[in-house]
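Peer 1: Structure of the sequence below:
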Amino acid sequence: MKLSVDEKMLALALSRNQEQNAKIEIYDVENEENNFRLLCSIDNLNTSVEYLDFSTDNFYLFYKDVSDETALIDLD
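Peer 2: A predicted model of the protein is given here:
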């Protein structure tokens, strides 16, 4: 789990299980209802996420999985 630098988004990594592959969900934490609102989901990751972090400008999310694969996701 990682909160963005501006504290407006929350990235949550969900591990792989018997029913579904690993995925990352990104939530808006600053909305009118004071609830978390799902912004996007990165699905069907082959292995569990080991590390994730937002860029300092909050435009990108970087993650590394347990197989040492890395990815940079454009959040714009």
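
Peer 1: how about the strands in the chain?
Peer 2: Here the chain has its strands, by DSSP state E, at 2-3, 9-14, 22-28, 37-45, 49-54, 60-65, 70-74.

Peer 1: Can you list the neighbours in contact with the last one?
Peer 2: By that I understand strand 70-74. Ile24, Ile42, Phe59, Tyr60, Leu61, Phe62, Tyr63, Lys64 (Cβ atoms under 8 Å, 6 or more residues apart in numbering). For every residue, glycine as well, the C-beta is placed using N, CA and C.

Peer 1: before we move on, what about the fifth one?
Peer 2: Outside strand 49-54, the residues that touch it by Cβ under 8 Å, 6+ apart are 2-5, 9, 11, 13, 15, 22, 24, 60-66, 75.

Peer 1: Buried subset of those as a PyMOL selection?
Peer 2: In PyMOL, this line selects whichever of the contacts of strand 49-54 come out buried by 16 or more other Cβ atoms under 10 Å:
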select buried, resi 2+4+9+11+13+22+24+61+63+65+75
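
Peer 1: who touches Leu61 in this structure?
Peer 2: Ala11, Ile24, Ile26, Leu52, Asp53, Phe54, Ser55, Leu72, Ile73, Leu75.

Peer 1: What about the residues you listed, which one has the most neighbours?
Peer 2: Most neighbours among these, by other Cβ atoms under 10 Å: Ala11, with 24 neighbours.

Peer 1: So what pairs up with that residue in the strands?
Peer 2: Beta-bridge partners recorded for Ala11 (DSSP bridges): Lys2, Ile26.

Peer 1: gap between it and Gln18?
Peer 2: Distance of Ala11 to Gln18, given as Cβ to Cβ, to the nearest Å: 24 Å.
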